[in-house]
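predicted model, plus sequence, below.
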Amino acid sequence: MKLLVLAGDGIGPEITSATVKAVDALNHRFNLGLTLTEADAGLSSHARHGTTLTEDVQAQVMESDGVILGPTDSLIYPAPEDGGINLSPWFRKNLDLYANIRPSRARPGVPCLAKDIDLVIARENTEGFYADRSMYMGSGEFMPTEDMALVVRKITRDASRRIAESACQLAMTRRKKLTIVHKRNVLKLSDGLFYDTVREVADGYEGLEVDDFIVDAMAALLVRKPGAFDVVVTTNMFGDILSDLAAELSGGIGLGPSINAGRDRAIAQAAHGAAPDIAGQNSANPTALMLSASMLLAWLGDRHNRTDLEDAARRLEEAIDAQLDDPAGRTVDLGGKLNTSDFGDAVARRISG
């Protein structure tokens, strides 16, 4: 099984290196037969090749079973016509990665704002307000005059149905509770279509408890009673915002993992950004990307009916939790003393031990 590793920008190379150490330890302990190949993408690729994503790396992506993608600093990328391909939307569009799955839970020993948080946000990943995902050609964001900017929001029944299926299936493996988040009191047609479609899908799952909240109320409720929620399904931008809030409640965005999954492929990608202000300092917390790699292994295990991959995924998460539970064994952002590479070494040792 082939995994492609793309370190990305900013702190990406540092946290990706720590993550690869952990995956290598799993590969050895569980005899997984994984082949990890590292390739160049992002700003370093643009400096060398004039593009953030070469055709050769694109081909490697298509030949891989999964990808570990470090964070990208796309805000400073050149224009697409100058080689500045934004990696995240490229993956989501070209691999049809329609489900962005972002769990948040309180972890042993980690200071957090919500001791009872344990939820997963299932975010639709291919349309919504995102201008690069709402048009067949061109951008969904445009300016008719220099003083006016407009954006097209796309919501389709098909995309709503498949994220609903992913969310419902996930909820049935957990506490069998699904929360639909929307703004259908204002966006009556688009969020109305999303809500109606998700509700129709959820009605087909016996024993599944379903409720719904308007997005602004949901933001308040996440702070007030996060333990009330299990699986939350919502549209693209709402999911992006709420998942960052949930990650902060659980201890910080540095703990926020995610996978972007489609029918055939998935990529591991931390929910946070490239943090260029601390790049090269070996101080970043690699937990989010490590946990994302665990999610990727679990997804591959489920898809290919390989219990060894699922066992490896559990072992990685257990090793991370054990490391975080040691006050001196955390990275500096969590009050610990370890740098990025030392944290990666420590987790790898726990896996191997």
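Looks like it came in fine. Numbering: from 1, shown residues only.

which helix or strand contains residue 142?
Using DSSP states H and E, residue 142 falls within strand 141-145.

direction included, what does that strand pair up with?
strand 148-151 (antiparallel) (DSSP bridges).

give the next helix or strand downstream of the strand it pairs with.
Next along from strand 148-151, by DSSP H and E: helix 157-172.

buried stuff in that next one?
Buried residues in helix 157-172, counted by 16 or more other C-beta atoms under 10 Å: 159, 160, 162, 163, 164, 165, 166, 167, 168, 170, 171. Every residue, glycine included, has its C-beta placed from N, CA and C.

which elements pack onto it?
Counting contacts by 3 or more C-beta pairs under 8 Å, 6 or more residues apart in numbering; DSSP states H and E, helix 157-172 is packed against strand 99-105, strand 118-124, strand 177-182, helix 190-202, strand 231-234.

before we move on, back to that, average pLDDT for the strand holding residue 142?
Computed over strand 141-145, the mean pLDDT rounds to 91.

export that strand to CSV, keeping only CA atoms.
The C-alpha trace of strand 141-145 is given here as CSV (Å, rounded to 0.1, in the frame of the first residue of the first chain):
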residue,chain,number,x,y,z
GLU,A,141,-16.5,35.2,-6.6
PHE,A,142,-16.5,38.3,-9.0
MET,A,143,-16.7,42.1,-9.1
PRO,A,144,-19.2,43.7,-11.5
THR,A,145,-17.8,47.1,-10.5
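
so which residues of the stretch 201-350 of the chain form helices?
215-224, 236-249, 287-303, 307-324, 340-352 (DSSP state H, counting those that start in this stretch).

right, and these - which one's nearest residue 133?
helix 236-249 (7.5 Å; C-beta to C-beta).

which helix or strand contains residue 26?
Here residue 26 is assigned to helix 12-30, by DSSP H and E.

state the mean pLDDT of the helix or strand following that helix.
Using DSSP H and E, the next helix or strand after helix 12-30 towards the C-terminus is strand 35-39. Mean pLDDT, strand 35-39: 97.

just want the most central residue of this protein.
For the chain, the residue nearest the mean C-alpha position is residue 258 (2.3 Å; C-alpha atoms, centre = their mean).

so who does it touch?
100, 101, 102, 243, 268, 269, 270, 271, 292, 295 (C-beta atoms under 8 Å, 6 or more residues apart in numbering).

mind checking how far it is from residue 170?
13 Å (C-beta to C-beta, to the nearest Å).

where do the contact lists of these two overlap?
Residues touching both residue 258 and residue 170 (C-beta under 8 Å, 6+ apart) are residue 101.

picking that back up, among the contacts of residue 258, which two are most distant?
243 and 268 (15.2 Å).

does residue 170 touch residue 103 like I think?
No - in this structure residue 170 lies outside contact range of residue 103 using C-beta atoms under 8 Å: 9.5 Å.

what do the two both touch?
residue 120.

per-domain residue ranges of the chain.
Under the assignment automatic domain parsing, the domains of the chain span 1-87+276-353, 113-249.

closest to residue 347 out of the contacts of residue 258?
residue 292 (13.6 Å).

hang on, that closest one packs against residue 261?
No - contact criterion C-beta under 8 Å: residue 292 and residue 261 do not qualify, at 11.4 Å.

got a list of what residue 71 touches?
By C-beta under 8 Å, 6+ apart, the residues touching residue 71 are 8-12, 15, 269-270, 272-275, 289.

what bridges to the residue of the chain most remote from its centre?
Of all residues in the chain, residue 145 has its C-alpha farthest from the mean position, at 36.1 Å, by C-alpha atoms, centre = their mean. Counting by DSSP bridges, residue 145 forms beta bridges with residue 148.
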